[in-house]
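# Compute the structure for the input listed below.
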Amino acid sequence: MVTQTSIKKRNRRLLIGLSLGVVAMFGFGFAMVPLYTLMCKTLGLNGKYTNGVVAKADTVDNNRVVTVEFLATKNNGLPWDFYPTVNKVEVHPGENKLMDYYAKNNSNRTMTVQAVPSISPSQATSYVKKTECFCFTQQTFKAGEGREMPVLFHLDANLPKNINTITLSYTMFDTANVGKTVSKPTGRIQ
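Sure, this is the predicted structure:
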C-alpha cells in the first residue's frame, strides 16, 4: 500500500533530481561557446583560425587574384555598431593586406568585448595568415567610444587554385555575456 509519506518522499526525490538536471543543463549551456570554440580550434572545424601571429609572406603570386569578403555579427542585445569598413578586397596570394573593422560602444557603460574569427570555406583556414588582428585580444571601450580596429593579413601563395573567394567573419561577444545567441550579420557583401 502506498502511503502519503512515501508519495511525499518520491515527489521530493523527483523534485531534487529535476532541479539538479536544470542546473546541469544551464551549466552546460553556459559552457557551450568556449567548449565549441576550443573544439573547433583543436580539430580545425568550421573555419576557426588557429595559426596566431605569422611572418610576412615570402612570395606574391601576381598572376592570381582572390576575393576576400568581410562580415561582422554581434551578440544579440549588444548595444554596439560593428562592421567592416570595406565589404571585400582583391588580394594576390602572398600580398599583405590591411583593412579595418569599426566598432562603437553605444551603451552608457564601459564594456569589454572579444571578437571570434571564422573563415570559409574551411579548406582556406590554414592559408589565411593574420599578423595583426583585434581578435587576438579582448577590447575595452568606454561608453560612447568608437574606433577602427586593424586586420593585417595575407593569403599563403600555396592556396589551392580552386579557391577564388574567401569570407572572413568576426562575431563580437560581450565577455560578460558569453552564453547568449548571435544575431544576423551586419556586414553586407556587394
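# Residue 59 and residue 65, how far apart?
Shown here: residue 59 relative to residue 65, a distance of 15 Å by CB to CB, to the nearest Å. For every residue, glycine as well, the C-beta is placed using N, CA and C.
# In the chain, which residue is most central in space?
residue 116 (2.4 Å; CA atoms, centre = their mean).
# can you pull up the bridge partners for that one?
residue 171 (DSSP bridges).
# Tell me, how many residues neighbour residue 73?
By the criterion of other CB atoms under 10 Å, residue 73 has 22 neighbours.
# That one and residue 169 touch, don't they?
Yes. Counting by CB atoms under 8 Å, residue 73 touches residue 169, with 6.9 Å between them.
# element containing the closest residue to residue 143 other than its chain neighbours?
Among residues not flanking residue 143 along the chain, residue 108 sits closest, at 5.0 Å (CB to CB, 6 or more residues apart in numbering). Taking DSSP states H and E as the definition, residue 108 sits outside all helices and strands.
# Would you quantify the distance from residue 108 to residue 12?
With CB to CB as the criterion, residue 108 and residue 12 are 46 Å apart.
# show me the residues around the closest residue to residue 156 other than its chain neighbours that make contact.
The shortest distance from residue 156 to any non-neighbouring residue, by CB to CB, 6+ apart, is to residue 127 (4.1 Å). Contact analysis of residue 127 by CB atoms under 8 Å, 6 or more residues apart in numbering lists 93, 155, 156, 158, 159, 160, 163.
# Report the buried members of those.
Using 16 or more other CB atoms under 10 Å as the burial test, these include 93, 155, 156, 159 as buried.
# Surely the last one and residue 95 touch.
Pointing back at residue 159 there. No. Assessed by CB under 8 Å, residue 159 is found out of contact with residue 95, at 11.6 Å.
# where exactly do the helices run in the chain?
Here the chain has its helices, by DSSP state H, at 4-43.
# mind giving me the domain split of it?
Domain assignment for the chain by automatic domain parsing gives 1-43, 47-177.
# tell me the most buried of these?
Of all those, domain 47-177 has the most neighbours on average by mean count of other CB atoms under 10 Å, namely a mean of 17.
# Now do the worst-scoring helix or strand of the chain on mean pLDDT: which elements does it pack against?
Within the chain, no helix or strand scores below helix 4-43, which has a mean of 78 by mean pLDDT, DSSP states H and E. The criterion is 3 or more CB pairs under 8 Å, 6 or more residues apart in numbering; DSSP states H and E, and there are no helices or strands that helix 4-43 contacts.
# Out of the buried ones among the contacts of residue 127, which is nearest to residue 99?
Among the buried ones among the contacts of residue 127, residue 155 lies closest to residue 99 (CB to CB), at 13.2 Å.
# ok, now how distant is the closest one from residue 93?
Distance, residue 155 to residue 93, by CB to CB: 4 Å.
# I figured the residue nearest to the centre of the chain was touching residue 136, is that so?
No. Using CB under 8 Å, residue 116 makes no contact with residue 136, being 11.3 Å away.
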